[in-house]
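Engineer: predicted coordinates and the sequence they were generated for:
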Amino acid sequence: MAKVRSAYVKERSRYTYAYFLAAALTLAAYAIVQGSLIEGVSLGVVLLVAAALQLYIQSRYFLHLDDKREVPKWRLASYVFTWLTLLIVVVGSLWIMANLNYNMSMSSSEMTEYMLKQNGKGF
């Protein structure tokens, strides 16, 4: 019974540590953005590093990807899949926002001309 309790206390302290570490990282990134402490490309780099650290903390402490030493291929595959998914979401979002910015920044006369040209195609 003492072994089970000891394992439980160890696991609970591990989760608590990870929770506060992830929360501190999130709050630090939020404070940097809200306080305008860093601007431009440096801000993007700092936030990207914070996101990578957050991913590492989440996968190590909550998904326990560091505990399975005998299957490193699965761990690598999960990291690759996660980064690929994040890349698709981020690049897709930036593409959509750039497209919306381009299309919404037209003047009313340009928008009317564009709509008439599109209407002439038979749509």
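Structural biologist: Arrived safely. Residues are numbered from 1 along each chain as shown.

Engineer: domain parsing for the chain?
Structural biologist: For the chain, the structural domains run 1-67, 70-123, going by automatic domain parsing.

Engineer: isn't Tyr15 right up against Phe62?
Structural biologist: Yes - using C-beta atoms under 8 Å, Tyr15 makes contact with Phe62 at a distance of 7.5 Å. From N, CA and C alone the C-beta is placed, and that goes for glycine too.

Engineer: number of residues surrounding Ala28?
Structural biologist: As a burial measure, Ala28 scores 13 neighbours (other C-beta atoms under 10 Å).

Engineer: tell me the centre residue of this structure?
Structural biologist: Ala51 (5.6 Å; C-alpha atoms, centre = their mean).

Engineer: state the distance from it to Val90.
Structural biologist: For Ala51, the distance to Val90 equals 9 Å [C-beta to C-beta, to the nearest Å].

Engineer: any idea what Leu65 is structurally, helix, strand or coil?
Structural biologist: coil (DSSP: H, G, I helix; E, B strand; the rest coil).

Engineer: could you pull out the helices for the protein?
Structural biologist: Taking DSSP state H as the criterion, the chain contains helices spanning 2-34, 41-57, 72-104, 108-119.

Engineer: how about these in JSON lines, adding distance to Asp66 and mean pLDDT?
Structural biologist: Shown next, in JSON lines, are the helices of the chain (distance: least, C-beta to C-beta, whole Å; pLDDT from 0 to 100):
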{"stretch": "helix 2-34", "distance to Asp66": "11", "mean pLDDT": "91"}
{"stretch": "helix 41-57", "distance to Asp66": "9", "mean pLDDT": "90"}
{"stretch": "helix 72-104", "distance to Asp66": "8", "mean pLDDT": "86"}
{"stretch": "helix 108-119", "distance to Asp66": "54", "mean pLDDT": "85"}
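
Engineer: out of these, which one sits most buried?
Structural biologist: helix 41-57 (a mean of 13; mean count of other C-beta atoms under 10 Å).

Engineer: what packs against it?
Structural biologist: helix 2-34, helix 72-104 (3 or more C-beta pairs under 8 Å, 6 or more residues apart in numbering; DSSP states H and E).
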